[in-house]
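1. Sequence below, structure please.
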Amino acid sequence: MNRSFWSDVLRDGALLGLAMALSRIIENTLQLQSTMSITTTYLILSLEMIASTGLFIWLLYRFTKRRAMAADPAEGFTYGQGLIYAFMVSVLTAVLVGLANTLYISAIGYQNYVDGIIANMESTASFVASLDATGAATQNYNQMMDQIIETIESTPCPTVFDNILASLNSYITWGTLLGLIIARVVRREPKF
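-> Reported below is the predicted structural model:
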């Protein structure tokens, strides 16, 4: 892999990473600091996640296609080259999103982060309880929520490595799955 490959990966991974990091910050802010009703918050959060997913797919496709179009026509652009490119851009994206998440947690403070998660869970539990006419499901749900909250409160602050690893898990999985399709679409046969 030549220098052009790595410079393209760095450029495209940084752009996609910045877009997805901004999306992650918006999602965190909506979940942890929203003063809107739970249904409004989740509606906006759902729309943001759909937009973020669409943007990820579109940018990954666009960047991989641009790389394919820049390839020497005599050599073409193989399926493997497209898959590796999409994978590497996804890796850099994941690293940037993990760093952004670490900075976000540091900026608001870990205890505020945990308190926001717990407040969000409690408002969700109240909403679920309002839907349960008999109360049977609410009791089981509350027991489960108590266990989850206890686990969250006892979990130490994630390190930079923890955040990057969590992002890698997600972005590598989706980047590779999408890369399998995108690489098939953008591949070019060599022209002699």
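2. Enumerate the helices of this structure by residue range, in sequence order.
-> Assigned by DSSP state H, the chain shows helices spanning 3-33, 38-70, 79-108, 110-131, 136-154, 160-186.
3. For those helices, give me JSON lines that also has mean neighbour count.
-> Heads up, the C-betas are built off the backbone N, CA and C, glycines and all. Listed next are the helices of the chain as JSON lines, based on neighbours: other CB atoms under 10 Å:
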{"stretch": "helix 3-33", "mean neighbour count": "17"}
{"stretch": "helix 38-70", "mean neighbour count": "15"}
{"stretch": "helix 79-108", "mean neighbour count": "20"}
{"stretch": "helix 110-131", "mean neighbour count": "14"}
{"stretch": "helix 136-154", "mean neighbour count": "12"}
{"stretch": "helix 160-186", "mean neighbour count": "17"}
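4. The helix or strand bottoming out on mean pLDDT in the chain versus helix 110-131: what angle between them?
-> Counting by mean pLDDT, DSSP states H and E, the weakest-scoring helix or strand in the chain turns out to be helix 136-154, with a mean of 81. With axes from the mean of the first three to the mean of the last three CA atoms, to 10 degrees as the basis, helix 136-154 and helix 110-131 are set at 180 degrees to each other.
5. in the chain, which ranges drop under the pLDDT threshold?
-> The model of the chain has pLDDT under 70 over residues 1-3, 132-133, 135-137.
6. Would you mind measuring from the closest residue to residue 39 other than its chain neighbours to residue 149?
-> With CB to CB, 6 or more residues apart in numbering as the measure, residue 127 is the residue that lies nearest to residue 39, at 7.4 Å, once sequence neighbours are left out. To residue 149, residue 127 is 16 Å away according to CB to CB, to the nearest Å.
7. Also residue 159?
-> To residue 149, residue 159 is 22 Å away according to CB to CB.
8. what's the least confident helix or strand of the chain packed up against?
-> Counting contacts by 3 or more CB pairs under 8 Å, 6 or more residues apart in numbering; DSSP states H and E, helix 136-154 is packed against helix 110-131.
9. Contacts for the helix it packs on, please.
-> With contacts defined as CB atoms under 8 Å, 6 or more residues apart in numbering, helix 110-131 is touched by 31-33, 38-39, 105, 108, 135, 137-138, 141-142, 145, 148-149, 152-153, 155, 157.
10. In CSV, list the C-alpha atoms belonging to stretch 95-113.
-> Extracted in CSV, the C-alpha atoms of stretch 95-113 (Å, rounded to 0.1, in the frame of the first residue of the first chain):
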residue,chain,number,x,y,z
VAL,A,95,-10.5,5.9,17.1
LEU,A,96,-11.7,9.5,16.6
VAL,A,97,-15.2,8.7,18.0
GLY,A,98,-13.6,7.0,21.0
LEU,A,99,-11.4,10.0,21.6
ALA,A,100,-14.4,12.4,21.3
ASN,A,101,-16.4,10.3,23.8
THR,A,102,-13.6,10.4,26.2
LEU,A,103,-13.3,14.2,25.9
TYR,A,104,-17.1,14.5,26.3
ILE,A,105,-17.1,12.5,29.5
SER,A,106,-14.1,14.4,30.8
ALA,A,107,-15.7,17.8,30.0
ILE,A,108,-19.0,17.0,31.9
GLY,A,109,-17.4,14.9,34.6
TYR,A,110,-17.8,11.2,35.0
GLN,A,111,-20.2,11.5,38.0
ASN,A,112,-22.4,13.9,36.0
TYR,A,113,-22.3,11.4,33.1
